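> Next one to model:
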Amino acid sequence: MANTPQAKKRIRRNDRRAEINGDRVGRIRTFIKKVESALASGDKTAAAAALHAVQPELQRGVSKGVLHKNTASRKFARLTKRLGALA
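Presented below is the predicted three-dimensional model:
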């Protein structure tokens with residue numbers, strides 16, 4: 001267990017950051033699920049609108065450090081590919 005004041009402070013800080021980062025990742029997952037549900041229903045216009053909304057969320061996750069740049073690119077590319085295949 002931490003026994004220095006700074007170590008105790010880091011534990012408190014890490015707990016707060018973990019909660020915030022978890023919320024951010026959850027928000028990104030929600031946007032991705034909206035795209036996937038639109039793709040599953042076959043609604044191309046809704047899927048395109050949802051895909052347009054998910055891209056800035058992925059980039060925000062990259063800039064905040066909760067996602068790796070290549071992970072965000074891979075997710076967006078795969079969703080885009082599925083949207084193109086819907087035609």
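> Just the buried residues of stretch 59-67, please?
For stretch 59-67, the neighbour count (16 or more other Cβ atoms under 10 Å) marks Gly61, Val62, Val66, Leu67 as buried. Placement of C-beta: from N, CA and C, glycine included.
> Tell me the one of the residues you listed nearest Asn14?
In terms of Cβ to Cβ, no member of the buried residues of stretch 59-67 lies closer to Asn14 than Val66, at 14.1 Å.
> mind listing the helices for the chain?
Here the chain has its helices, by DSSP state H, at 5-41, 44-64, 69-85.
> So which elements touch the first one?
Looking back up the chat, that one is helix 5-41. Packing partners of helix 5-41 (3 or more Cβ pairs under 8 Å, 6 or more residues apart in numbering; DSSP states H and E): helix 44-64, helix 69-85.
> Quick check: which of those helices is nearest to Lys9?
Ranking the helices and strands packed on helix 5-41 by their distance to Lys9 (criterion: Cβ to Cβ) puts helix 44-64 first, at 21.7 Å.
> For the spatially most central residue of the chain, give me its contacts.
Nearest to the mean C-alpha position of the chain, counting by Cα atoms, centre = their mean, stands Ile28 at 2.8 Å. Shown in contact with Ile28 (Cβ atoms under 8 Å, 6 or more residues apart in numbering): Val54, Glu57, Leu58, Gly61, Val66, Leu67.
> ok, Arg82 to Lys44 distance?
Counting by Cβ to Cβ, to the nearest Å, the gap between Arg82 and Lys44 amounts to 11 Å.
> ditto for Leu58
20 Å.
> Check Glu57 too.
Taken as Cβ to Cβ, the span from Glu57 to Lys44 is 20 Å.
> if I look at Asp23, how far off is Lys81?
Note on Asp23: its distance to Lys81, by Cβ to Cβ, is 28 Å.
> and Asp43, how many neighbours does it have?
Counted with other Cβ atoms under 10 Å, the neighbours of Asp43 add up to 14.
> correction: Ser37
By other Cβ under 10 Å, the residues close to Ser37 number 13.
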